[in-house]
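Enquirer: The sequence isn't on hand, but the structure is:
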């Protein structure tokens, strides 16, 4: 566990922030590679990537505030704190923000299809998640529930406990590594499947379906209570979004497949 790499004067450089930046750049680079291999200039992928970075950060932090609204209403000054600025936010908020940003970008570039670009970007998304979750592990955020399993991890950093709230000297599920590993496998599958897609939107829909199922189940291993819950604690915010996301993606898959079949007939 290495929450902080070093300090530059009064400014701490956190491992999580550095790996998050790395994840975003690697994801854009992979997207640019797939775009070029699909006949689209890399420039479009890089331009779109930076729009997505900004919109995803806004979306992730907005959902973070919404899931902890009572806290931020009672402590509005925390919105301007270093802790809030360094927080990655809620992933699903970032995904929604990125989608909105992509739609706005593509409205100005009508020569690009949303679903085609979504397919190109889809494999890179879980790769970025995989790298980003390693950063979460280093920081101690999004920690797991207590466990006696032999692969439990025990955080000992007083700094991480003070800044993040991760329990120290308590064996926990390494939730961050669970999601990192699952996301890496999903990246490998989507990267392989990209060449085998039969209609636009197929790869992106598969990503949404697979990630929604993974995230819903992995949430049971999370122990941080500040991520938001609904229905008297029955579901976390991310589980609820997964419940909505998976059937929506299945419907989109069926509609896009039918549309592609009709156009090819």
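Expert: That came through, no problem. Small disclaimer: the values here were computed from a predicted structure and weren't measured. Residues are numbered from 1 along each chain as shown.
Enquirer: Roughly how far does the residue most central in space within the chain sit from residue 97?
Expert: With distances taken as C-alpha atoms, centre = their mean, the residue of the chain nearest its centroid is residue 91 (4.1 Å). Distance from residue 91 to residue 97, counting by C-beta to C-beta, to the nearest Å: 10 Å. C-beta here means a position set from N, CA and C on the backbone, and glycine is covered the same way.
Enquirer: Show me the common contact partners of these two, please.
Expert: residue 60 (C-beta atoms under 8 Å, 6 or more residues apart in numbering).
Enquirer: Helices of the stretch 51-200 of the chain, start to end?
Expert: 69-74, 82-86, 91-107, 114-121, 124-139, 158-163, 175-193 (DSSP state H, counting those that start in this stretch).
Enquirer: And the pLDDT for residue 79?
Expert: On pLDDT, residue 79 comes in at 63.
Enquirer: Kindly report the same for the one 10 residues further on.
Expert: In the predicted model, residue 89 carries a pLDDT score of 65.
Enquirer: shift numbering so it begins at 8
Expert: Let's use 8 as the start, then, which means that last one is residue 96.
Enquirer: one step back: tell me the most buried of the helices of the stretch 58-207 of the chain?
Expert: Most buried of the helices of the stretch 58-207 of the chain, by mean neighbour count (mean count of other C-beta atoms under 10 Å): helix 131-146, with a mean of 24.
Enquirer: what's it packed up against?
Expert: With contacts taken as 3 or more C-beta pairs under 8 Å, 6 or more residues apart in numbering; DSSP states H and E, helix 131-146 sits against helix 22-44, helix 182-200, helix 209-225.
Enquirer: can I get those in a markdown table with mean pLDDT?
Expert: Shown next, in a markdown table, are the helices and strands packed on helix 131-146 (pLDDT from 0 to 100):
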| stretch | mean pLDDT |
| --- | --- |
| helix 22-44 | 89 |
| helix 182-200 | 96 |
| helix 209-225 | 96 |
